[in-house]
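# Sharing a model that was predicted from the sequence below.
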Amino acid sequence: MKKEIKKNIIRHIREKWITHIVFLVYIILLTITIIHHEPWADEAQAWLLARDTNPFNLIFKNLRYEGHPPLWYIIIIIPSKILPYRSISVISAIIAIAGVYILLYYSHFPRIIRYLLPFTYFLFYQYAVIARSYVLVPILLFAIASIYNKKSDKIYLFTFLVCLLAYVSVFSTLIASSIMFIHLIDTIKARKILTKPLLIRQIIAFGIFVIAIVLLVIILYPPQDYTFARGYRYNIKNFYNLSRDILNDALTNKLYLSIPLLIISLFWFWQKRLFLLYVLSTLSVLALFSIKYYNSWHLGFIFLTWVFVLWLSFDKQDQRIENHRFANIIKNIVIACVLIVLGFNIYWAGTASINDFNGTYSAGKAISSYIKENQLEDKKIYATSFWSVTILPYFDKNIFSNYNSEERTTYWLWSTKNSRMEDFNRIIADQPDLIILGRGNEQDIPNYKFIGIFSGNLYWKSGIKESNHFAVFRKINEKDFSLRSK
């Protein structure tokens with residue numbers, strides 16, 4: 001008996017130390033990757049909005065054009081006004097690390113899954129290194145999962161976390177609403193065994209969530225002049241094709257593997273009485289993808305929803321099949337399937353991180369250094385395309401003469417009222433001192449010297465999603481210019 005107790009203690013200590021080591025390795029690798037990452041346009045846009053807008057206008061005016069809930073902007077609003085731009089990556093890293101801490105120390109995944117999950121693509125790279133609001137999704141889903149079995153007893157904390165999740169992204173709003181809807185069903189089923197005070201707390205919590213969603217709708221209700229992702233697409237065929245591709249890309253990117261893995265996952269969730277939670281959360285997000293807007297990095301919502309429900313499934317004792325032997329066989333098959341998915345995701349995380357380490361994610365920092373080194377901040381500079389916002393966080397004002405010339409704001413305004421002038425012939429006619437062409441190429445422009453192509457690549461999984469290079473040209477007939485190349 002004593003030997004058995006001693007073995008258990010040793011096993012517990014060993015597991016604890018392995019967990020500490022995995023956590024430390026995650027922190028070190030993430031820090032190294034972030035140090036070599038250059039924030040790009042979407043990261044810059046959020047920072048500029050938080051930095052150069054008062055809180056009221058930010059939340060109740062500007063975000064209507066962005067279509068993004070306010071939580072991320074509220075988090076960075078004070079740092080953006082007192083800290084350098086690079087701190088956005090530090091904030092993202094701290095949040096990502098906190099999320100992984102919850103995963104490692106509070107989840108009941110099998111150890112091998114728990115130790116590998118932090119190094120998957122979205123947890124390590126896309127929703128950690130890339131400093132955007134999406135970094136909040138893992139930490140909030142994991143926090144919700146950690147108290148899910150006690151959600152009725154901790155209903156106010158549970159509701160608070162679900163509301164925070166709703167305020168990260170319109171996609172996470174759907175996931176949050178699905179979670180709350182399932183809790184409503186659970187509450188209705190358990191109403192006879194709940195005490196009256198506990199039942200009243202559930203009703204109050206539902207009311208709080210509804211109010212939070214109504215407020216969010218008010219904040220994000222689009223104005224007539226917005227330009228981003230206008231219109232809707234209602235097409236069943238598009239929904240089917242897009243959903244198939246997204247589910248495949250989120251798991252293995254190999255359809256012949258993803259389909260059986262998904263089927264096994266669905267059976268496992270049914271077995272653990274979590275089928276409706278997964279299907280409702282996933283289908284609602286896929287539906288919005290298909291009728292409104294979708295980009296590759298939104299795959300993380302699908303992947304993390306799958307991880308979230310898996311967490312609950314390994315934490316849940318209740319199951320439909322009571323034959324323990326058969327249930328254990330199913331569990332082992334599910335573990336094997338999860339490891340296959342994690343293998344692909346870890347490969348993608350490693351490849352993207354190495355590419356980011358060796359390459360340049362954004363040209364914003366390099367161009368800003370060139371402008372500062374040549375003391376061009378106060379010269380007449382014209383820049384084209386939304387991608388040029390990646391340059392502006394390195395300056396405390398709008399340095400582009402053709403950019404929001406009336407209000408002189410730094411952030412991009414997704415509005416028909418955007419007063420930006422980008423006509424190439426007009427730019428040449430105005431003869432600015434410096435021309436920065438977003439996604440431009442080398443060409444001969446009279447009276448201008450071609451400085452070079454400043455490269456930037458959006459690394460995605462094992463390749464490059466898109467290139468956001470800038471072609472820079474400098475006027476040569478100004479006496480106070482020294483013609484130095486990059």
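Here it is on my side, so go on.
# Need the contact partners of stretch 362-378.
Contacts of stretch 362-378 with the rest of the structure, by Cβ atoms under 8 Å, 6 or more residues apart in numbering, involve 38-41, 44, 360, 381, 390-391, 393-395, 399, 433-434, 436, 451, 454-456, 468-470, 472, 481-482, 484, 486. Every C-beta, even on glycine, is put in place using the N, C-alpha and C of the backbone.
# try stretch 245-253
For stretch 245-253, using Cβ under 8 Å, 6+ apart, the contacting residues are 254-255, 257-259, 261-262, 282, 286, 289, 294, 296, 299-300, 302-303, 306, 340-341, 344, 461.
# cutoff 10 Å now
Stretch 245-253 is contacted from outside by 121-122, 254-259, 261-262, 265, 282, 285-286, 289-290, 294, 296, 298-306, 337, 340-341, 343-345, 348, 461-462, using Cβ atoms under 10 Å, 6 or more residues apart in numbering.
# PyMOL command to pick out the buried ones of the contacts of stretch 362-378?
Selection command for PyMOL covering only the buried members of these, criterion 16 or more other Cβ atoms under 10 Å:
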select buried, resi 38+39+40+41+44+360+381+390+391+393+394+399+433+434+436+451+454+456+468+469+470+472+481
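# just to revisit the earlier point, which among the contacts of stretch 245-253 count as buried?
121-122, 257-258, 261-262, 265, 282, 285-286, 289-290, 294, 298-306, 337, 340-341, 344-345, 348, 461.
# any idea of the pLDDT on the nearest residue in space to Tyr394 that is not next to it in sequence?
Leaving aside its sequence neighbours, Tyr394 sits nearest to Ser368 (Cβ to Cβ, 6 or more residues apart in numbering; 3.6 Å). What the model reports as pLDDT for Ser368 is 97.
# What strand or helix carries Ser368?
helix 364-373 (DSSP states H and E).
# Could you pull out the buried residues of that helix?
Neighbour count says helix 364-373 has 364-368, 370-371 buried, by 16+ other Cβ under 10 Å.
# Which residue ranges of this structure form strands?
381-383, 434-438, 448-454, 457-460, 463-467, 470-475 (DSSP state E).
# is it possible to export those strands to TSV including mean pLDDT?
TSV is the format used below for the strands of the chain (pLDDT from 0 to 100):
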stretch	mean pLDDT
strand 381-383	95
strand 434-438	94
strand 448-454	95
strand 457-460	96
strand 463-467	93
strand 470-475	96
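# if we can go back for a sec, tell me how far the residue nearest to Tyr394 lies from Asn253.
36 Å (Cβ to Cβ, to the nearest Å).
# and if you look at Ile188?
Distance from Ile188 to Asn253, by Cβ to Cβ: 40 Å.
# Could I get the contacting residues of the spatially most central residue of the chain?
Nearest to the geometric centre of the chain sits Tyr134, at 2.4 Å (Cα atoms, centre = their mean). By Cβ under 10 Å, 6+ apart, the contact list for Tyr134 reads 72, 92, 122, 126-128, 168-169, 171-172, 297-298, 300-301, 304.
# What of Pro118?
22-23, 25-27, 29-30, 96-97, 99-101, 103-104, 124, 128, 138, 346, 349.
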